[in-house]
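S.K.: sharing a model prediction with you, sequence too.
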Amino acid sequence: MKSSRLLRSAKLGIIILTTLVLFATPNLCLERTTSQSVNDQVEECQFPAIFNFGDSNSDTGGLTALYGPAHPPNGITFFGGSAGRFCDGRLVIDFLAGSLGLPYLNAYLNSIGSNFSHGANFASAGATIRPQTTIYFPKDYSPISLNVQSAEFSTFHTRSQVVRNQGGFFETLPREDYFANALYTFDIGQNDLSTGYKLNMSTEQVKAIVPDVLALYAKTIRAVYAQGGRTFWIHNVGPMGCLPYMLDGYPLTDAQVDKFGCAIPINEAAQFYNAKLKELVEQLRKELSLAAFTYVDIYSIKYTLIARAEELGFEEPLVTCCGTGGKYNFDNSMRCGSTKIVDGKKIVVANSCKNPSIKVIWDGIHYTEAANKWIIDQILNNASYLDPPVSLKRACHVSGYQTPLFLS
């Protein structure tokens with residue numbers, strides 16, 4: 001296994017060197033030519049499984065397995081009802097799995113009716129990278145922080161092989177070689193930043209916690225690597241300052257709102273986190289030399305969607321589809337699916353809009369299925385959002401990659 005990965009890295013090095021020689025012309029962006037060379041000349045990866053770590057942006061049932069279902073109208077667009085997702089339908093991770101020909105991931109914590117033959121999802125809505133404590137974290141955040149998700153993965157890895165050896169139905173559990181050849185996806189960090197604002201921190205104070213947050217992030221990646229993980233697909237955080245959840249909760253001056261209606265200071269914190277996360281990924285590429293790392297610029301994709309929403313067929317990108325009241329159709333005390341008793345009957349007061357397919361934001365915090373579909377289309381078809389700019393289906397070939405510079 002090690003020799004084959006080294007051979008692939010060597011082949012990639014030859015391809016990149018060839019690109020440098022053939023296309024060394026002024027002002028040419030090597031990322032584009034490297035992407036084309038790698039995508040054209042190396043075979044597609046055969047990912048037998050996905051193991052996902054994250055928060056509600058990729059949770060497919062972890063939190064609801066603990067605390068009960070995501071209430072209607074969650075799930076109405078695709079699943080016809082609650083499917084453990086805080087969305088009207090599918091998430092980016094669902095579309096990503098589908099693009100690889102793999103089934104949707106079941107939550108590790110969901111013991112009823114789950115199939116882990118092609119991976120598992122350890123994500124939990126409300127999850128943070130830093131462990132939750134009563135000192136640092138307010139209520140409504142998940143106890144399934146990233147270190148817990150890492151422990152869950154370790155247990156699943158070890159136990160699945162013991163149980164699989166019992167044969168019969170248990171042989172549907174992933175084989176040992178699946179863990180080495182799987183895609184490891186990460187989408188987490190947003191809640192660590194939003195927590196800071198909930199605790200009345202300034203943007204500079206929120207930035208100050210980032211090194212500690214990322215040190216813990218790196219610890220989990222190293223732990224997964226130590227257990228054989230080799231292909232890492234890491235999403236940065238989106239433009240939190242464009243979410244009604246953040247816009248409605250914090251006072252902003254006119255000067256602190258950009259031309260698209262997003263909160264500049266909050267997005268500044270997200271961009272700071274992302275810059276440091278990218279530095280960490282570059283460091284880990286050198287440290288964990290047998291691994292392949294892809295950094296995915298979710299922030300730019302989502303911000304582009306909001307900025308170009310009307311052009312792309314969406315309406316009022318900052319107005320929530322499922323909610324009630326106020327400028328953004330969002331009330332944090334009456335979130336999507338909330339009910340009240342009227343004349344002795346329970347009615348939904350925070351319901352879905354008539355057409356979620358033309359809305360960007362589902363519930364004030366999460367994106368609609370239509371938005372998620374647009375986001376995954378950018379990930380799969382526009383390599384400029386990836387570092388290195390190598391497609392998902394060839395992401396296992398980029399071990400040892402160093403981001404190329406512009407020629408002068």
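M.R.: Looks like it arrived, so ask away.

S.K.: hang on, Ser142 packs against Ser124?
M.R.: Yes. Counting by CB atoms under 8 Å, Ser142 touches Ser124, with 4.4 Å between them. For the C-beta atoms, the positions are set from N, CA and C on the backbone; glycine is no exception.

S.K.: same drill for those two, tell me which one is more crowded.
M.R.: The neighbour comparison of Ser142 against Ser124 (other CB atoms under 10 Å) goes to Ser124, with 33 against 23.

S.K.: so who does that one touch?
M.R.: Residues counted as contacts of Ser124 (CB atoms under 8 Å, 6 or more residues apart in numbering) are 55-56, 59, 62-63, 66, 109, 142, 144, 149.

S.K.: tell me the secondary structure for Ser154?
M.R.: With DSSP: H, G, I helix; E, B strand; the rest coil as the basis, Ser154 sits in helix.

S.K.: which neighbours do Ser142 and Ser124 share?
M.R.: Common neighbours of Ser142 and Ser124 (CB under 8 Å, 6+ apart) are 55, 62-63.

S.K.: tell me the one of those residues nearest Glu287?
M.R.: Nearest to Glu287, judged by CB to CB, of these is Asp55 at 25.2 Å.

S.K.: surely that closest one and Asn121 touch.
M.R.: No. The criterion here is CB under 8 Å, and Asp55 misses it with Asn121 at 11.5 Å.

S.K.: that older thread, any of the contacts of Ser124 buried? List them.
M.R.: 55-56, 59, 62-63, 109, 142, 144, 149 (16 or more other CB atoms under 10 Å).

S.K.: still on that earlier bit, list the ones among the contacts of Ser124 that fall in helices.
M.R.: Mapping the contacts of Ser124 onto helices (DSSP state H) picks out 62-63, 66, 149.

S.K.: quick one: Thr304 from Asn110, how far?
M.R.: With the distance defined as CB to CB, to the nearest Å, Thr304 ends up 34 Å from Asn110.

S.K.: ugh, wrong one, I meant His118
M.R.: Distance of His118 to Asn110, computed by CB to CB: 15 Å.

S.K.: assign a three-state SS to Arg394, would you?
M.R.: Secondary structure, three-state DSSP: Arg394 is helix.

S.K.: which pLDDT value belongs to it?
M.R.: With respect to pLDDT, Arg394 has a value of 96.

S.K.: quick check, it in contact with Phe47.
M.R.: No. At 10.8 Å, Arg394 and Phe47 do not qualify as touching, with contact defined as CB under 8 Å.

S.K.: looking at these two, which one has more neighbours?
M.R.: Phe47 (23 against 20).

S.K.: list the contacts of that one.
M.R.: By CB under 8 Å, 6+ apart, the residues touching Phe47 are 100, 102, 181-183, 231, 396.

S.K.: before we move on, what about Thr339?
M.R.: Going by CB under 8 Å, 6+ apart, Thr339 touches 71, 346-349.

S.K.: how does it look with 6 Å?
M.R.: 346, 348 (CB atoms under 6 Å, 6 or more residues apart in numbering).

S.K.: next, it: phi, psi?
M.R.: phi -130, psi 170 (degrees, to the nearest 10).

S.K.: what do you get for the one 4 residues further on?
M.R.: Taking degrees, to the nearest 10, you get phi 50, psi 40 for the backbone angles of Asp343.

S.K.: can you pick the most crowded of the contacts of Phe47?
M.R.: Leu183 (27 neighbours).

S.K.: and the gap between that one and Ala307?
M.R.: Note on Leu183: its distance to Ala307, by CB to CB, is 30 Å.

S.K.: equivalent analysis for Val349, please.
M.R.: Between Val349 and Ala307 the computed distance is 32 Å (CB to CB).

S.K.: please name every helix or strand in contact with whatever helix or strand Val213 lives in.
M.R.: Under the criterion of DSSP states H and E, Val213 resides in helix 210-226. Helices and strands touching helix 210-226, by 3 or more CB pairs under 6 Å, 6 or more residues apart in numbering; DSSP states H and E, are helix 146-164, helix 264-287.

S.K.: report the angle between the first one and helix 210-226.
M.R.: Angle, helix 146-164 to helix 210-226, by axes from the mean of the first three to the mean of the last three CA atoms, to 10 degrees: 10 degrees.

S.K.: list the buried residues in helix 146-164.
M.R.: Going by 16+ other CB under 10 Å, helix 146-164 has these buried residues: 146-150, 152-153, 156-157, 160, 164.

S.K.: likewise stretch 340-357?
M.R.: By neighbour count with 16+ other CB under 10 Å, stretch 340-357 contains the buried residues 348, 350-353, 356-357.

S.K.: could you do stretch 277-290 as well?
M.R.: Neighbour counts over stretch 277-290 (16+ other CB under 10 Å) mark 277-278, 280-282, 284-285, 288 as buried.
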